[in-house]
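Engineer: The sequence isn't on hand, but the structure is:
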DNA sequence: CCTTTTATAGAACGAATGTACCACATTGTC
DNA sequence: GACAATGTGGTACATTCGTTCTATAAAAGG
């Protein structure tokens, strides 16, 4: 396994801060983070903290020790964006608790958008999901699942095509009908053992 | 020069810490408390913090800045002990929110001992309540009230005697019967307009 | 009264810590 | 490739801040 892409350290720092506060009840110092994240310079920590604050994900008071506060408001949930989804690339289904570790980004959402169950998000790459009215750059909110009720929007892995798409799901005997959200497009019929449900889509977010 | 009774500063400090954390999201320093409570030496603050920690009302980590944590556990309620009650001294009935300000002590109680309504406590001075089976040093848990149902234990102010006692309350037409908890003692009959209910007793705590 | 406990002051030491500055590596873009 | 944007290292300064020491006053106990 690897750490694809970009800024794992920054997410790591955020994760560490969260854990530190959870454990100790107060914020870590720059040097606490340094040790906790295996960074070898306070400047690096300072740099990432600056970015995190500029992004509004933490708050600090200048020259006040241990003044870092996470901006996870009460009634809000932080949803980890685990990576990107595109046709041809299987979704890296998360395993329980180390989600936020590998998250490349984080979303803050009001509680009512997510249920009680753990939720993750994926950024859509390319127009491959366009038939489900999902454009490039959109973010799909997902809930891990390996089955679905009829009519639910799911991310399915088509074994023969080696492709992932978002479709509305209908079971029909030993077959499965995948209906694009776009009505002008025809549904796809698949054998049940050819489709593998990756998760239920519980929301789509488009930032403009 | 000033300050009436005993240790209002210590309670004041605790109150200040609570407010500070509430406002800023992190603990105050010794010098924050110094300024916030009009104390003129860090040693004084240090002294009171030591006591508070020894009493288990706060937690600190040595040599770590802003590491004060309040030990108000979830599911517990902090009940202010407003003062002492003794025959002859009227109860200082609290007005809403500035209770904890004038509190001389604080009790931590499990939630089920108190209802949803605000509750305060009084320390009993002397044996004047002995006929209600309440000894010197006991603590009575009270809920502010100006009326009571028959059979409830209340703190009543007898106007003519200028005296406060704890008795079981029974209304009888325009008269009121005050029955000591101790059955061997005779009930007192009073005219209704002579008694003034200060609060209902909802519990007694005896520390041995 | 005298002694002990509790509370308040003032000052200072030294460690903890936010911050700034500089150099360098990596990556992305045109 | 060249240049900018981004991420990493190293170091050092100036405060911030916990802690300790000593002295004095006020209250409590006997």
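Structural biologist: Yep, it's here. What you are looking at is a predicted structure, and each value in this text was computed from that prediction instead of being measured.

Engineer: can we go C-alpha only for contacts and neighbour counts from here?
Structural biologist: OK.

Engineer: give the contact list for residue A:145.
Structural biologist: Residue A:145 is in contact with A:197-200, counting by Cα atoms under 8 Å, 6 or more residues apart in numbering or on different chains.

Engineer: can you rerun that using 6 Å?
Structural biologist: By Cα atoms under 6 Å, 6 or more residues apart in numbering or on different chains, the contact list for residue A:145 reads residue A:199.

Engineer: So in chain A, where's the weakest helix or strand by average pLDDT?
Structural biologist: Counting by mean pLDDT, DSSP states H and E, chain A has its least confident helix or strand at helix A:99-102, which shows a mean of 52.

Engineer: May I ask you to name the longest helix in chain A?
Structural biologist: Criterion DSSP state H: the longest helix present in chain A is helix A:8-24.

Engineer: ok, the very next helix or strand once past that one near chain B or not?
Structural biologist: Going down the chain from helix A:8-24, the next helix or strand is helix A:30-36, by DSSP states H and E. No: using Cα under 6 Å from any Cα of the partner chain, helix A:30-36 never reaches chain B; the gap is at least 11.3 Å.

Engineer: Report the buried residues of helix A:30-36.
Structural biologist: Buried residues in helix A:30-36, counted by 16 or more other Cα atoms under 10 Å in any protein chain shown: A:30-34.

Engineer: all strands of chain A, in order?
Structural biologist: For chain A, the strands defined by DSSP state E occupy A:58-59, A:69-70, A:76-85, A:105-110, A:120-124, A:139-144, A:153-158, A:163-172, A:175-179, A:188-191, A:195-205.

Engineer: export those to CSV and tack on distance to residue B:13 and mean neighbour count?
Structural biologist: Output for the strands of chain A, formatted as CSV (distance: least, Cα to Cα, whole Å; neighbours: other Cα atoms under 10 Å in any protein chain shown):
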stretch, distance to residue B:13, mean neighbour count
strand A:58-59, 26, 18
strand A:69-70, 23, 20
strand A:76-85, 32, 21
strand A:105-110, 36, 16
strand A:120-124, 43, 24
strand A:139-144, 46, 23
strand A:153-158, 56, 24
strand A:163-172, 58, 21
strand A:175-179, 65, 19
strand A:188-191, 69, 14
strand A:195-205, 47, 19
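
Engineer: Any chance of CSV for the ones you listed, columns mean pLDDT and distance to residue A:13?
Structural biologist: Formatted as CSV, the strands of chain A follow (pLDDT from 0 to 100; distance: least, Cα to Cα, whole Å):
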stretch, mean pLDDT, distance to residue A:13
strand A:58-59, 92, 11
strand A:69-70, 92, 12
strand A:76-85, 70, 14
strand A:105-110, 66, 12
strand A:120-124, 77, 19
strand A:139-144, 79, 23
strand A:153-158, 83, 31
strand A:163-172, 83, 32
strand A:175-179, 88, 41
strand A:188-191, 88, 44
strand A:195-205, 80, 26
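
Engineer: For residue B:43, find the nearest of those.
Structural biologist: With Cα to Cα as the criterion, residue B:43 lies closest to strand A:69-70 of those, at 28.9 Å.

Engineer: From the contact counts, what lies against the closest one?
Structural biologist: Counting contacts by 3 or more Cα pairs under 6 Å, 6 or more residues apart in numbering or on different chains; DSSP states H and E, strand A:69-70 packs against strand A:58-59.

Engineer: what's next to the strand it packs on, contact-wise?
Structural biologist: Contact with strand A:58-59 is made by A:52-53, A:68-71, as judged by Cα under 6 Å, 6+ apart.

Engineer: Mind listing the strands that strand pairs with, and their directions?
Structural biologist: When sheet partners are counted by DSSP bridges, strand A:58-59 sits next to strand A:69-70 (antiparallel).

Engineer: Other residues contacting the strand it pairs with?
Structural biologist: A:58-59.

Engineer: Stretch A:37-50 now?
Structural biologist: So stretch A:37-50 is in contact with residue A:10, going by Cα under 6 Å, 6+ apart.

Engineer: so for that stretch, what's the average pLDDT?
Structural biologist: Throughout stretch A:37-50, pLDDT has a mean value of 92.

Engineer: Give me the buried positions along that stretch.
Structural biologist: By neighbour count on 16+ other Cα under 10 Å, the buried set for stretch A:37-50 is A:37, A:45, A:48-49.

Engineer: Can you narrow the buried residues of helix A:30-36 down to the ones near DNA strand C?
Structural biologist: Contacts with DNA strand C within the buried residues of helix A:30-36, as defined by Cα under 7 Å from any atom of the strand: A:30-32.

Engineer: Take these and write them to TSV, including pLDDT and distance to DNA strand D.
Structural biologist: Compiled in TSV, those are given as follows (pLDDT from 0 to 100; distance: Cα to the nearest atom of the strand, whole Å):
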residue	pLDDT	distance to DNA strand D
A:30	94	10
A:31	94	9
A:32	94	13
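
Engineer: quick one: which of the residues you listed is nearest to chain B?
Structural biologist: Comparing those against chain B with Cα to the nearest Cα places residue A:32 closest, at 11.3 Å.

Engineer: For that closest one, which residues are in contact?
Structural biologist: For residue A:32, the contact set (Cα under 6 Å, 6+ apart) is empty.

Engineer: cool, and residue A:85?
Structural biologist: If a contact means Cα under 6 Å, 6+ apart, then residue A:85 has A:124-125 as its contacts.

Engineer: who does it bridge with?
Structural biologist: Applying DSSP bridges to residue A:85 yields these beta-bridge partners: residue A:124.

Engineer: so how far is residue A:136 from it?
Structural biologist: Residue A:85 sits 10 Å away from residue A:136, going by Cα to Cα, to the nearest Å.

Engineer: joint contacts of the two?
Structural biologist: Common neighbours of residue A:85 and residue A:136, counting by Cα under 6 Å, 6+ apart, are A:124-125.

Engineer: Okay, buried residues for the longest helix of chain A please.
Structural biologist: Neighbour-count burial for helix A:8-24 [16+ other Cα under 10 Å]: A:9-18, A:20.

Engineer: what about stretch A:169-180, start to end distance?
Structural biologist: Terminal residues of stretch A:169-180 are spaced 9 Å apart (Cα to Cα).

Engineer: what does that stretch contact?
Structural biologist: Defining contact as Cα under 6 Å, 6+ apart, one finds that stretch A:169-180 is touched by A:131-132, A:150-152, A:167-168, A:187-192.

Engineer: follow-up on the earlier one: output the strands of chain A as CSV; include the columns distance to residue B:163.
Structural biologist: Formatted as CSV, the strands of chain A follow (distance: least, Cα to Cα, whole Å):
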stretch, distance to residue B:163
strand A:58-59, 55
strand A:69-70, 52
strand A:76-85, 54
strand A:105-110, 56
strand A:120-124, 66
strand A:139-144, 67
strand A:153-158, 74
strand A:163-172, 77
strand A:175-179, 82
strand A:188-191, 88
strand A:195-205, 67
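
Engineer: No more questions from me, cheers.
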